[in-house]
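Asker: Sequence below, structure please.
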Amino acid sequence: MEVQELRPGLWRWTASHPEWDHAEQWGPEVGSVYAELADSLVVVDPLVPDDEEDLFWSALDRDVERLDLPVHVLLTVHWHERSVATVLDRYKATLWRPEAKGELPAGVQAEIVRGSDWVEALFFLERHRALISGDLLIGTNGGIELPVRWFPKGEQEWAEQRLRPELRERLAELPVELVVVSHGDPVLENGADALRRALA
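Answerer: The predicted structure follows:
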């Protein structure tokens, strides 16, 4: 497990994906996000590391107790279920998932993308000026990209010709400073510029 403080109250940790043997597109390490907001504590796509489970829980338990705020689990896409059920049960947390929508915690915006048989959300955390991505944006070469090759064959042309300009328009007004991704390295400054380049 690698833990990185991105901003005060905003952390990203990585852990080895339990099904990485079957994944061809990315390496074994995937990222999850912990964020302290004004009225809640948010965890995005949580994956508890198998090899450091006790250390992970003791740190998260300490923060949940310290803040004494409602815990919300945000899911970017259904195949990122990972450790969601465990976190929900441990903290009596609330789950938000893109296909069910529902009410988001205060200070969180969601941009929802619908594919042929999937729905995915990008989250903007206003307090941290951070855009959180599951698979729609990945870290690469010090920046980010829309991984068109990851889309099903029948959706790659749509992703390139329609989704790319749609995301460019939808995200243009957000004051993004950080782009925090599940796969690859996050962008920790000039996030809006990185988005423009990725979606150009």
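Asker: what about residue 102, how many neighbours?
Answerer: Neighbourhood size, residue 102 [other CB atoms under 10 Å]: 9. Where you see a C-beta, it was placed from the backbone N, CA and C, and this is true even at glycine.
Asker: cool, and residue 78?
Answerer: If you count neighbours by other CB under 10 Å, residue 78 ends up with 14.
Asker: do residue 141 as well
Answerer: The local packing of residue 141 (other CB under 10 Å) involves 8 other residues.
Asker: next one: phi and psi at it?
Answerer: Main-chain dihedrals, residue 141, degrees, to the nearest 10: phi 50, psi 40.
Asker: what pLDDT, on average, does the helix or strand that contains residue 72 get?
Answerer: Using DSSP states H and E, residue 72 falls within strand 71-74. Strand 71-74 shows a mean pLDDT of 98 in the predicted model.
Asker: Helix or strand next in line after that strand, which one?
Answerer: Downstream of strand 71-74, the first helix or strand assigned by DSSP H and E is helix 84-91.
Asker: got the phi/psi numbers for the closest residue to residue 133 other than its chain neighbours?
Answerer: Nearest non-adjacent residue to residue 133, counting by CB to CB, 6 or more residues apart in numbering: residue 181, 5.0 Å away. Dihedral angles of residue 181 (phi, psi; degrees, to the nearest 10) stand at phi -110, psi 160.
Asker: ok, now which ones touch residue 181?
Answerer: By CB atoms under 8 Å, 6 or more residues apart in numbering, residue 181 lies in contact with 31, 133, 137, 138, 139, 144.
Asker: The residue lying farthest from the centre of the chain and residue 74, how far apart?
Answerer: Centroid-distance maximum for the chain: residue 154 at 24.8 Å, with CA atoms, centre = their mean. Separation of residue 154 from residue 74 (CB to CB, to the nearest Å): 28 Å.
Asker: Show me the contacts of residue 181 that map onto strands.
Answerer: 31, 133, 138, 139, 144 (DSSP state E).
Asker: what's the closest of those residues to residue 63?
Answerer: residue 31 (17.7 Å; CB to CB).
Asker: Could you verify my assumption that that closest one touches residue 138?
Answerer: No. Contact status for residue 31 versus residue 138: not in contact, 10.2 Å apart, counting by CB atoms under 8 Å.
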